[in-house]
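**Q** show me how the following folds:
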Amino acid sequence: MMSAQSKPHYTLDEYFELERTSEARYEYWNGEVFDMSGVSHKHALVEVNLTFLLTSLLRDKPCRVFPANMRIKVPIMPPYRYGDVSVACGKPEYQEIGGVDALTNPILIIEVLSPSTEAYDRGDKFTYYKSIPSLKEYLLVAQHRPHITQYVKQEDGSWSYCEVNELTAILKLPSIDCELALAEVYRDVEFPLQPHLSLVPES
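**A** As a prediction, the model looks like this:
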């Protein structure tokens, strides 16, 4: 969930002080500060499932999985953003920004979509993330139905795009050479029953 704070304008120093003294997650944008904390139970469950799955899949690989409280440096939109899940391979690299550490070399970033953030995650935030030199893959994971949108960076710098929307699907993650089973991503998540169309015979 993303909501603006009541103070009309923050300086960067005020924002950094807020970050250092609060347990919540805030993102800074042109003087406004947005609270990124507080998610639905489905969002939280999907996020936990993803973190657990990736940690298990990467246990024997030189990669590290980071949860939602890891700050990520984004060159074209300073000082940093928050992803729901991120992965760095090789040695994680950090830069101290405003007295806190921000990851500078994620290879994979995952956002679990919420109604209040979906347009931002699909649009501007992805544009900002593209400025991270190490980033190779971006996933957008729905919480209200089985659906994952995958973007993969190609050798020419373009991004390929695909969608999977079946619980039986297996999604290959080329950035970390793993496969993600949607049934495990959505384990214990209950979805509303889809209405069936009633067929009315012609008279």
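
**Q** quick one, phi/psi of the closest residue to Trp29 other than its chain neighbours?
**A** Spatial nearest neighbour of Trp29, chain neighbours left out: Met77 (7.4 Å); criterion: Cβ to Cβ, 6 or more residues apart in numbering. C-beta coordinates here come from the backbone N, C-alpha and C atoms, glycine included. Met77 adopts backbone torsions of phi -140, psi 70, taken as degrees, to the nearest 10.

**Q** same check on Ala102?
**A** Phi and psi for Ala102, reported as degrees, to the nearest 10, are phi -130, psi 130.

**Q** pLDDT score assigned to it?
**A** At Ala102, the pLDDT value in this model is 97.

**Q** my guess is it meets Tyr80, correct?
**A** Yes - if you go by Cβ atoms under 8 Å, Ala102 and Tyr80 touch, sitting 4.3 Å apart.

**Q** picking up where we left off before, relative to Val100, how far out is the residue nearest to Trp29?
**A** Per Cβ to Cβ, to the nearest Å, Met77 is found 16 Å from Val100.

**Q** show me which of the two is the more surrounded one.
**A** Neighbour count, other Cβ atoms under 10 Å: between Met77 and Val100, Met77 has more, with 18 against 14.

**Q** which residues are in contact with stretch 109-125?
**A** Where contact means Cβ atoms under 8 Å, 6 or more residues apart in numbering, the residues beyond stretch 109-125 that reach it are 1-3, 39-40, 43, 46-47, 50, 72, 81, 83-87, 129, 135, 137-143, 149.

**Q** partner strands of the helix or strand encompassing Leu180, parallel or antiparallel?
**A** Here Leu180 sits within strand 178-181, counting by DSSP states H and E. Sheet pairing here is set by DSSP bridges, and for strand 178-181 it gives strand 170-173 (antiparallel).
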